[in-house]
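Engineer: predicted structure and sequence below. I'll ask about it afterward.
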Amino acid sequence: MFRKKTEENLLPEGDVRRMIEAIDNIASGDFNEIDATDFNNPLYADKLNSMLKAVKQVDNPVVMRLNETMEILGDNTLIKDTLNQVETQTKSIQHMENASQHLESSIENISMAMGHIRDNAHDIISVSHNVTVDMNDSIKAVNASSKKIQSINNKVQDFKGKIGKIEAIVDLVKKVSNQSNLLALNASVEAARAGEAGRGFAVVADQVRLLSNNTAESAGSIVKYVKELRDNIDELAKAMDETTISLGEGNEKVEKSLEVMQQMNSQIDDISEKVDSVFNDIDTQTGVTKSFSKQIENISQSYSILSDDCLKSGQRVFKVGRYLDKTRSDLVRGCSKITQQDWMRVFEVDHYILTWRVYNNIVGFEHLLKKQVDDPSRCKLGKWIAQLKDDKIVNSSEFKQLVKAHNDLHHYAELSWHANEDGDKEKAMQYFNDTYNAFSQFDEAINKLQKKMQQLGYNDITAIVAFEK
């Protein structure tokens, strides 16, 4: 009985029960203000609300420090610049790699061409030397032919002299024939005078005259043939003289050509040596170019790894930022009681983070949903704008500028999201730049509204330790 009575006395009733329930709610994370009308004595509710306010105000600096931290973590400018630099340098390295491969191919082609030139130069040298030898042999043959022709010419001239002697003999025969003919004529006259006694002598005289006539005719034929032979020998001698002269002139030209060929051989030898030297240099350059091309390829692979590392680093920073941002959002909604000026700063950082989340969505750090960017009324600022009751703020030009800048920022963020979903990264990045520019306008508008609100009496700002950025 005593135990039961004790338990009944411990059961909370009225305001005590409500206080315990309120404390249980606070312990479970419900930091909403307690309704004083639920209590018989409102003082209990006021005390609990004072405690809640004190707890929340203690959390205010934490929330605002997290807010400043998120502004820093949410700023992916360095990561973006790094990725852009890596991408630019990667493209440059790829261009260098392609150029080095083309250079390597060109060097190999040049090396092959120089190899052919070298072989051709050696062939030319061989042919040139053979031509020189042939020309020397030709000169010797021409000289030998000239000597033989000269020897034949000398023999022809000697034979020509003998023809002169033949003509002299023929003249002598003709004279003898004439004398014989004259003697035969005298003998015939004397035989006629002798009459019958000289008849036999007349026969002999007739035979002598006939022989003399035949001899004269033969001598005439010999003279004719000898004359033709002399003319032919003269023509032959002239032709041989001309041939000798032509051979001599040709020989001189061949000798001059030989001198030129010898000079050309010397020059070709020099060219061949230089071609060999160039070929060796190109061969060396081919090895150097291949080594250079391999190094460029290694650098290209390193930049590819670096690009992946940058992306992974960006993803890690993004994940850390998202965890902190979630903590910030939870604290600002439930565990803190920040001022209106603090809220303006939260709205500013929220949209700075949103701007960079648009970029993160393009590079693949995260995949945004359309509802996270397309409707300005869904975000904290949109909800604040919808429930704002202070006409002095709502009717101000600063407020209207902020609403417009806020809508523009979400509009460009949505366009970037659509372009990225369509696979058009370039267009998505262009819209990100528009989003970033829209944030600049938004930032300027919200700062102006903060000043306007200060003029209207919204001056409370949570003080936190500021570090240099």
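Structural biologist: All right, it came through fine. Numbers count the residues shown, from 1 in each chain.
Engineer: spatially central residue for the chain, please.
Structural biologist: residue 99 (3.8 Å; C-alpha atoms, centre = their mean).
Engineer: where along the stretch 101-250 of the chain do the helices fall?
Structural biologist: 199-334 (DSSP state H, counting those that start in this stretch).
Engineer: show me the shaky parts of it.
Structural biologist: 104, 197-199, 201 (pLDDT under 70).
Engineer: pull out the buried residues from stretch 264-279.
Structural biologist: 264-265, 268, 272, 275, 278-279 (16 or more other C-beta atoms under 10 Å). For the C-beta atoms, the positions are set from N, CA and C on the backbone; glycine is no exception.
Engineer: so where's the stretch 351-469 of the chain uncertain?
Structural biologist: 464-469.
Engineer: any chance you could map the helices in it?
Structural biologist: Under DSSP H, counting those that start in this stretch, the stretch 351-469 of the chain gives helices at 380-387, 391-394, 397-421, 425-455.
Engineer: most tightly packed of those helices?
Structural biologist: With neighbours taken as mean count of other C-beta atoms under 10 Å, the helices of the stretch 351-469 of the chain reach their highest mean count in helix 397-421, at a mean of 20.
Engineer: just to revisit the earlier point, for residue 453, state which of the buried residues of stretch 264-279 is nearest.
Structural biologist: Nearest to residue 453 out of these is residue 278 (C-beta to C-beta; 80.9 Å).
Engineer: contacting residues for that closest one?
Structural biologist: residue 114 (C-beta atoms under 8 Å, 6 or more residues apart in numbering).
Engineer: farthest-apart pair in the buried residues of stretch 264-279, please.
Structural biologist: 264 and 279 (21.2 Å).
Engineer: sorry, back to before: export the helices of the stretch 351-469 of the chain to TSV and tack on distance to residue 190?
Structural biologist: Listed next are these as TSV, based on distance: least, C-beta to C-beta, whole Å:
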stretch	distance to residue 190
helix 380-387	177
helix 391-394	185
helix 397-421	155
helix 425-455	148
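Engineer: quick one: which of those is nearest residue 290?
Structural biologist: Of all those, helix 425-455 comes closest under C-beta to C-beta, at 35.6 Å.
Engineer: relative to helix 397-421, how tilted is the closest one?
Structural biologist: Helix 425-455 runs at 160 degrees relative to helix 397-421, counting by axes from the mean of the first three to the mean of the last three C-alpha atoms, to 10 degrees.
Engineer: so what does helix 425-455 touch, helix or strand wise?
Structural biologist: helix 340-363, helix 391-394, helix 397-421 (3 or more C-beta pairs under 8 Å, 6 or more residues apart in numbering; DSSP states H and E).
Engineer: redo that, cut-off 10 Å
Structural biologist: When contacts are defined as 3 or more C-beta pairs under 10 Å, 6 or more residues apart in numbering; DSSP states H and E, helix 425-455 packs onto helix 77-194, helix 340-363, helix 391-394, helix 397-421.
Engineer: pick the most buried one from these.
Structural biologist: Most buried among the helices and strands packed on helix 425-455, counting by mean count of other C-beta under 10 Å: helix 340-363, with a mean of 21.
Engineer: check what pLDDT the residue nearest to the centre of the chain gets.
Structural biologist: At residue 99, the model reports a pLDDT of 71.
Engineer: what about it, distance to residue 351?
Structural biologist: 45 Å (C-beta to C-beta, to the nearest Å).
Engineer: over to residue 163?
Structural biologist: 133 Å.
Engineer: ditto for residue 161
Structural biologist: Taken as C-beta to C-beta, the span from residue 161 to residue 351 is 132 Å.
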